[in-house]
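[1] The following block contains a protein sequence and its predicted model.
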Amino acid sequence: MVSVLFVCTGNICRSPTADGVMRARVAALGLEAAIAVDSAGTHGYHQGEPPDARSQKTALKHGVDLSMLTARKVEPEDFHRFDIIAAMDRGHLDALTRHCPPERAERLHLFMSFAPAYDGEDEVPDPYYGEHGFEEVFAMIEAGVAGLISHIRQTYKI
């Protein structure tokens, strides 16, 4: 089984959206037994809370239910549990790199590196502080998830 962890700041907008989209796409492909998915935040600001209502609304509009997810903070054991740890932006990647054991560093990725169609867009912007941006973020995440699934299928022969 290949395990994937999506990471953003508080684990209430970007990373749970990626988590939900990935779960939905994995299920649609019948790969639940081959790919495990989770999400976490670099900070514990919202630990135990559901995803932001705007993220949930946007995802549900696209057929993805995030209501079962709750925010949590990245834990040291995550660097050992997950094969791929996908950071939503460079700040998250830097924070993860500071805490990651050197022998696990190859597991860290910038999420948008899996979305070549978004040439030049290497970070998923944070939509939290504005009413706009959730649709754009969802589209970026869909592209990243599609690329990530393709990467996993090729790399792990799934």
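    That came in fine, so what should we check first? Residues are numbered from 1 along each chain as shown.

[2] Local confidence estimate at Arg153?
    The predicted local confidence for Arg153 comes out at a pLDDT of 98.

[3] where does the chain dip in pLDDT?
    By pLDDT under 70, the weakly predicted segments of the chain are 131-132.

[4] and the lengthiest helix in it, what does it pack onto?
    Looking across the chain with DSSP state H, the single longest helix is helix 134-155. Packing contacts for helix 134-155, counted by 3 or more Cβ pairs under 8 Å, 6 or more residues apart in numbering; DSSP states H and E, involve strand 2-8, helix 14-28, helix 53-61, strand 84-87. Bear in mind the C-beta positions are built from the backbone N, C-alpha and C, glycine included.

[5] who touches it?
    With Cβ atoms under 8 Å, 6 or more residues apart in numbering as the contact definition, helix 134-155 has outside contacts at 2, 4, 13-14, 17-18, 21-22, 25-26, 29, 31, 35, 54-55, 57-59, 62, 84, 86, 111-112, 114-118, 121, 124-125, 127, 158.

[6] And for stretch 64-81?
    3, 5, 7, 10-12, 16-17, 19-21, 24, 39-51, 55-56, 59-60, 85, 96, 99-101, 104, 107.
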